[in-house]
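In: could you look at this predicted model? Sequence included:
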Amino acid sequence: MKREDFQIGMEFYTAAGKWRCTDIGTRIIVAIRLDQEDPRNYNGPPYSIPENVFDEYDLDGCSLDPEDFVHSTSLTAFMDELSDKAEARGLIVAIQEGRQNAFVDESEIAAILASAKV
């Protein structure tokens, strides 16, 4: 997305979840993450939860379509499941270090795990 695509109050998605735009600057977007159980946390400004800054480099990772992040969400869940296994920890670190900000689908992970015999 581009800065011009945002409006205060609009909701958008990143690989980390759902967000609401709370402010628009010259080169940044400010937003709150919509992951709270208590809806009073969304009353503001000022907000009782942190506002996060998205700069021009972060905006490419934003979308109005949550489906753009289905694979990254399932990757996170998959990695969380694997993290319980001691023998998989080295593989998780290698994937995280070598593939930061990359989208990896389940078939790719299955091939990696099969070759690593985890």
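Out: Looks like it arrived, so ask away.
In: what's the burial count for Trp19?
Out: 21 (other CB atoms under 10 Å). All C-beta spots, glycine's among them, are computed from the backbone N, C-alpha and C.
In: tell me which residues touch it, please.
Out: By CB atoms under 8 Å, 6 or more residues apart in numbering, Trp19 lies in contact with 11-13, 31-34, 52, 62.
In: swap the cut-off to 7 Å and go again
Out: Taking CB atoms under 7 Å, 6 or more residues apart in numbering as the contact definition, Trp19 lies against 11-12, 31-34.
In: buried subset of those residues?
Out: If you count burial by 16 or more other CB atoms under 10 Å, the buried members of these come out as 12, 31-34.
In: of those, just say which sits nearest to Gly44.
Out: The closest of these to Gly44 turns out to be Ile32 (CB to CB; 7.9 Å).
In: coming back round to it: the buried ones among the contacts of Trp19 in strands, which ones?
Out: 12, 31-33 (DSSP state E).
In: could you dump the residues you listed into CSV with distance to Glu56 added?
Out: As requested, these are exported to CSV (distance: CB to CB, whole Å):
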residue, distance to Glu56
Phe12, 15
Ala31, 14
Ile32, 20
Arg33, 20
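In: return the member of those residues nearest to Phe6.
Out: Nearest member of those to Phe6, counting by CB to CB, is Phe12, at 7.3 Å.
In: the closest one touches Cys62, doesn't it?
Out: Yes: counting by CB atoms under 7 Å, Cys62 is a contact partner of Phe12 at 5.2 Å.
In: between the two, what contacts are shared?
Out: What both Phe12 and Cys62 touch, as defined by CB under 7 Å, 6+ apart, is the set Met1.
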